[in-house]
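S.K.: Any chance you can model this:
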Amino acid sequence: MEIYGDGTFQIMSGPTSNGLYNNETQEDIEFIVFKYKEIKTLVYIIGESGYTILNYQTGEIKKYKKMDEIPNKEKQIFIEIAKE
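M.R.: Below is the predicted model:
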């Protein structure tokens, strides 16, 4: 399990997959997480439903279904994560 910020956001390990979860609202943000990387206060997540950027300091969540929807700066980060 990975915990971000004050513990509100967590990547929980399940028997078959990992998921991004908001512990405060009991909400599944990304049910299946394939890869993720933390950079400062941002967590970049590649999941079953697409691409998610979580700012755990502000609680802001940006979701993109396709790579071509992501701004160039963030797109480069996701490309690097996918290569890892």
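
S.K.: what sits against the most centrally placed residue in the chain?
M.R.: Closest residue to the average C-alpha location of the chain: residue 45 at 3.1 Å, with C-alpha atoms, centre = their mean. Counting by C-beta atoms under 8 Å, 6 or more residues apart in numbering, residue 45 makes contact with 11, 20, 30, 33, 35, 36, 51, 52, 53, 54. In short, each C-beta sits where N, CA and C put it, glycine included.

S.K.: Next step: these restricted to strands.
M.R.: 11, 20, 30, 33, 35, 36, 51, 52, 53, 54 (DSSP state E).

S.K.: can you count the residues close to the fifth one?
M.R.: Same thing as residue 35. 14 (other C-beta atoms under 10 Å).

S.K.: do the first one as well
M.R.: Taking other C-beta under 10 Å as the neighbour definition, residue 11 ends up with a count of 20.

S.K.: Return the distance of the closest residue to it other than its chain neighbours relative to residue 21.
M.R.: Closest residue to residue 11 apart from its sequence neighbours, by C-beta to C-beta, 6 or more residues apart in numbering: residue 2 at 4.3 Å. Relative to residue 21, residue 2 is positioned 10 Å away (C-beta to C-beta, to the nearest Å).

S.K.: Mutual contacts of these two, please.
M.R.: Overlap of the contact sets of residue 2 and residue 21 (by C-beta under 8 Å, 6+ apart) consists of 10, 11.

S.K.: Pick out whichever of these two has more residues nearby.
M.R.: residue 21 (20 against 14).

S.K.: which residues does the more buried one contact?
M.R.: Counting by C-beta under 8 Å, 6+ apart, the residues that residue 21 touches are 9, 10, 11, 12, 27, 28, 29.

S.K.: Mind doing that once more with 7 Å?
M.R.: 10, 12, 28, 29 (C-beta atoms under 7 Å, 6 or more residues apart in numbering).
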